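> Give me a model of this one.
(chains A, B and C)
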Amino acid sequence: MDYFIKLLLSGTAKGSIYALIALGYTMVYGIVKLINFAHGEVYMIGGFTALIVGGFLSTLGMSIPVVLLFSILASIIYSSAFGFTIERLAYRPLRNKSRLSALISAIGISMILQNFIMLAQTEKYLPFPSYLPDLPFLQPVREYINSTQFIILITTSFIMIILTIIIKFTRIGKAMRATSQDKQMAQLVGVNINQVISVTFVIGSSLAAIGGVLICSYMGQINYYIGFVAGIKAFVAAVLGGIGSIPGAVLGSFILGWTESLGTGFISSDYEDAYAFIILILILILKPDGILGKNQKQKV
Amino acid sequence: MKRSIVVLSVLALAAVLITVGCQKKVTETIKIGVAGAHSGDLASYGLPSVNAAKLVVEGVNAKGGINGRMIELFIEDDQCKPEVATNTASKLVSDNVVAVIGHICSGATKAALGIYKDSKIVTVSPSATTPTLTQSGEYPNFFRTIAPDDAQAKLATMFIKDKLGIKILAVLHDKGDYGKGFAELVKQYAEAEGIQVVLFEGVNPGAPDYSAIVNKIGNSGATAVVWGGYHPEASKLVQQMKDKGMDLPFISDDGVKDQTFIDVAGKYAEGVYATGPMDTSANPMAIKAAADHKAKFGDDPGAFFLNAYAATQAVVNAIQKAGSTDFEAVSKALRSEYVETTLGKISFDARGDVIGFGFSVYQVQNGKYAELK
Amino acid sequence: MNRKNQKSELIASLVSTIWFVILLFPFLVMKVNVTGGKAVVIFRWSYLPVIAISIFVLSFLWRRALEWNQHRGDKTPVRTPLSGIRDFIITALRRKPIKLGVMALLLLIVLAYPYVLGMYHTNIMITALIYVMLALGLNIVVGLGGLLNLGYAAFFAVGAYTYGLLWKYAGPAFISAGIDTGWLFWIALPSAGVIAVIFGILLSLPVLRLRGDYLAIITLAFGEMFRMVLQNSGPVTGGATGISLIPRPWLFGIRLPPRQAATYIYYIAIILVIFTIFVVRRIEDSRVGRALEAMREDEVACEAMGVDLVRNKMATFALGAFWAGIAGVLLAAQTTYINPDSFTLWESIMVLMAIVIGGTGSIPGAIGGALILKLLPEYFRPLAQYRMLIYGIAMIIIIIFKPDGLIPRNRKRYTFVEKSASDSVPGVQK
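Just a heads-up that it's a prediction; the model follows:
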């Protein structure tokens, strides 16, 4: 039983890691219906910005909380700027074209960013300093959950709530929902869809940045390639929960985390991804639009 | 007018690219290929060997080359993919190289070796450790400056049994060619020695979180963990194990015996065991190579740098001793001549495995790998 | 263009220069290195002016190019000497003897290729031809059927492993029986096709209800799972270590050295590609092909018209898988070594890219796309480690300037002319 709880908790921790990236994925997908392969790379950029800015500030001799604050801020700003620029450069010219073209553009961006960081910074793995505080009250239960995992879990839940509020109740949220339903119609009633899409990319990318800082702190390392693997997993999680749905992305991530963790614990980690994929296939066969996805009736 | 500006700038850009791309070849050079993953996910293991080869060649050319002939490097990417590696190999063959430093991954090496073999090109890999590459006897042109997995696995197993006195073992690997090969051999030797292997599993390389498998180790009752694979995953594993209060001995291979591991894992690296080539920290050549790297490229050398450095030195020496670039003469020189390298004084046996540097077990002590005598 | 416009364009370029310099500053000018747990940041100020100037020039060019691209379509065709030559060539090509002559010349070039350019170029051309077959196969699934398949590499793996396993298990028996192992290739070729078809049908069963991105992710899942099975069933498939020393196809019992073997495989690949093109074109014009296109456009309407969707989807996956299986055998024969790493998700994505870049649904497009995608990185080799960066940039430039692909599909139009009326009424025209 104790073993089961431990596995469940590590599944939860894993799930919240996936969720941090999946949230941005699902937002962008919900609005522009684009599988944004470059999202994982934006997450990597976020991590690198934090490392560079944090490294620079700590050489100036600033205290750890200040360094943490500024490096997270810088990473959010830079990731958002990258997200914004990517959308302007590579996605906007293709908005009214075939969706496959935009997908290829996204893959191209992903390739460019990976190689750019590899060439401009380093191909090696770099240690990522943990600026996150060690929470003393978790010390007795550290076999179950450690403080970074706890912080990630709290942040994920917090972000989910904020996002739901933004999308449900604010003006820009309404504009987003309108754009996602019907771009032309939204434009007709006075929604500036260019602006809405840019805002979506900025929000999605800043989530990726937060994910970058937290996950890299948890892993203790960073490399130009971390985005690709994380991106694919997050994509699977987002689809599982019903792509486009915010709570769905979180739920999908947790299910993914639990399946992998329990599968590893009770069967074997050799087929870790396979458990996740089997669950995915079963769910999609039973509910072809994901767990919380809206059932899209096909019109003729 | 405007159009001409556009055209001119395009032309200028093209000219820059072309001059960068195709520098005029100097005649009568000795051509040496460097092949490995220079892009893609495994570039971090391939690029350091490029730097190593560049440094050696720079040094040799500055002294007037080999018998008056300059060395020219042909650096080709294979992304560690077998199907790209065949193309890389045929490119190098078309370029008339006399020797190749590489490839990095065992899979790519296997795919490329067939082509080198038939074209009579000496191939010295700094990192391909699959035992069959030398032991099958299929590739008389193949040499390596790294020990095959079985030697390491044997050493690690004996160390676990005799020095650590472990009875129950967990063996993990990264599902890759290299890591799984090492892990399987350790399992095989350990079971032959009467050690119980309670856990033998592969984990996903690159995953952010290994806490589930760490829990499983805790549940399995193993008293030590063997890791077959590279250092990024090793450092995550070690960190997450210690975070959970599990202080089991962690034994790994030379993919982990790398300063980057200690840098990345930090305080968690303390106490980790790894097998690797004999201590090179006191070797003046190795110290100089690392310093040169720092001076030229601005940072510390990466994985397999010293192996690649030694491989290049060995090739250069063999060509020098052979007095020609003839395949038979060079491979004979590689087998018969001892050469002072960053790994020590080395030569190669009949099968192409390196002789001259012993393998030993290291432990991380105070942020450094210390050799255990 | 007037002076004011020019000025505003320069200002726009300047603004984007400032934006990009700020954006790229931490990555290009600053360089982080961590030694002994302490991060060290060095500044490479000398990069700054280089970056600024190149971004300024590039952004200026980019803006002009985008503008040119936008107005490319709406100019009325002007008769220039160049367009005159083009028209002349097009009309000349319509004439039978000239057309035949050009075809013969093309064939001659294709046949002479390995002798003129040597082993390296032959080898990369084989790789490209393998991708041409893959792209043509996937084109049936994605281009005609509109079913996004991200697990295509699995069928490729089925083909390669059919040959690999045949060699591993039947090879020793062949050798002891004194039969030339070169025959294994010819046994593997059709059987890989058949086995891949079986896998294709098996895969199509659970995904019949899905469409769009959900289909994409399920096929991705199946593809990755298949690779995992290959990786983990070590005793049977060799696991991560793969299968090595697979024989190249030999010419009537003569063991060829790599150079001649490459030429030989090249010819085999050429014949297979021509065969593929022939079959795929036939499929496109057949009843199945038209049903597939109808299915892509509208599944519900298609079903209402009496098209059996289940059968058609199965046929799509089966047909697509067949070519991947064949291509897999060629890959195993060329590289002589296979391991699961050659069949990752990335491989599936590359094939998909080939189709989209060439022009979804278009046969010459798929061929062109695959050739570009596989040959460009080889020709970019002089760029050393910059090549994948440039490659990514090239992909984006192509897709932005040619969003429908390089050779977009020219759909057949069927016009219906009434016998008595003089004016033609467009019939089936989508």
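> check contacts around the residue in the stretch 101-250 of chain B that chain A sits nearest to.
Among the residues of the stretch 101-250 of chain B, B:Ser211 lies nearest to chain A; the distance is 3.5 Å by CB to the nearest CB. All C-beta spots, glycine's among them, are computed from the backbone N, C-alpha and C. Counting by CB atoms under 8 Å, 6 or more residues apart in numbering or on different chains, B:Ser211 touches A:Ser10, A:Ala13, A:Lys14, A:Gln149, A:Ser261, B:Gln240, B:Lys244.
> Tell me which of the residues you listed fall in helices.
A:Ser10, A:Ala13, A:Lys14, A:Gln149, A:Ser261, B:Gln240 (DSSP state H).
> Just give the number of residues close to the second one.
By other CB atoms under 10 Å in any protein chain shown, 25 other residues sit near A:Ala13.
> surely it meets A:Ser147?
No. Taking CB atoms under 8 Å as the definition, A:Ala13 is not a contact partner of A:Ser147, at 11.2 Å.
> Name the nearest residue to the residue in chain C that chain A sits nearest to, sequence neighbours excluded.
Relative to chain A, the nearest point of chain C is C:Ala39 (2.9 Å; CB to the nearest CB). Closest residue to C:Ala39 apart from its sequence neighbours, by CB to CB, 6 or more residues apart in numbering or on different chains: A:Gly55 at 2.9 Å.
> so that neighbour is in which element?
helix A:39-59 (DSSP states H and E).
> List the buried residues in that helix.
For helix A:39-59, the neighbour count (16 or more other CB atoms under 10 Å in any protein chain shown) marks A:39-58 as buried.
> what helix or strand is C:Val34 on?
Assigned by DSSP H and E, C:Val34 falls in strand C:30-35.
> any low-confidence regions in the chain?
I'll assume chain A. For chain A, applying pLDDT under 70 flags the ranges A:295-300.
> Oops, wrong one, chain C.
Ranges of chain C meeting pLDDT under 70: C:1-3, C:36-37, C:73-79, C:251-255, C:412, C:418-430.
> for it, which helix is longest?
Of all segments of type helix in chain C, defined using DSSP H, the longest is helix C:96-138.
> any bit of that helix sitting next to chain A?
No. Using CB under 8 Å from any CB of the partner chain, helix C:96-138 stays clear of chain A, coming no nearer than 11.8 Å.
> Give me the next element, helix or strand, following the strand holding C:Val34.
Downstream of strand C:30-35, the first helix or strand assigned by DSSP H and E is strand C:38-43.
> what touches both of A:Ala13 and A:Ser147?
Contact criterion CB under 8 Å, 6+ apart; no residue bridges A:Ala13 and A:Ser147 by contacting each.
> tell me which element A:Leu8 falls in.
Per DSSP H and E: helix A:2-32 holds A:Leu8.
> could you say what helices and strands that helix packs with?
Applying 3 or more CB pairs under 8 Å, 6 or more residues apart in numbering or on different chains; DSSP states H and E, we find helix A:2-32 packed against helix A:39-59, helix A:147-169, helix A:171-181, helix A:193-219, helix A:226-241, helix A:246-266, helix B:211-220.
> mind listing what's buried in the fifth one?
Along helix A:226-241, these residues count as buried under the neighbour rule (16+ other CB under 10 Å): A:226-241.
> can you list the domains in chain C?
With domains defined by automatic domain parsing, chain C comprises C:3-71, C:118-401.
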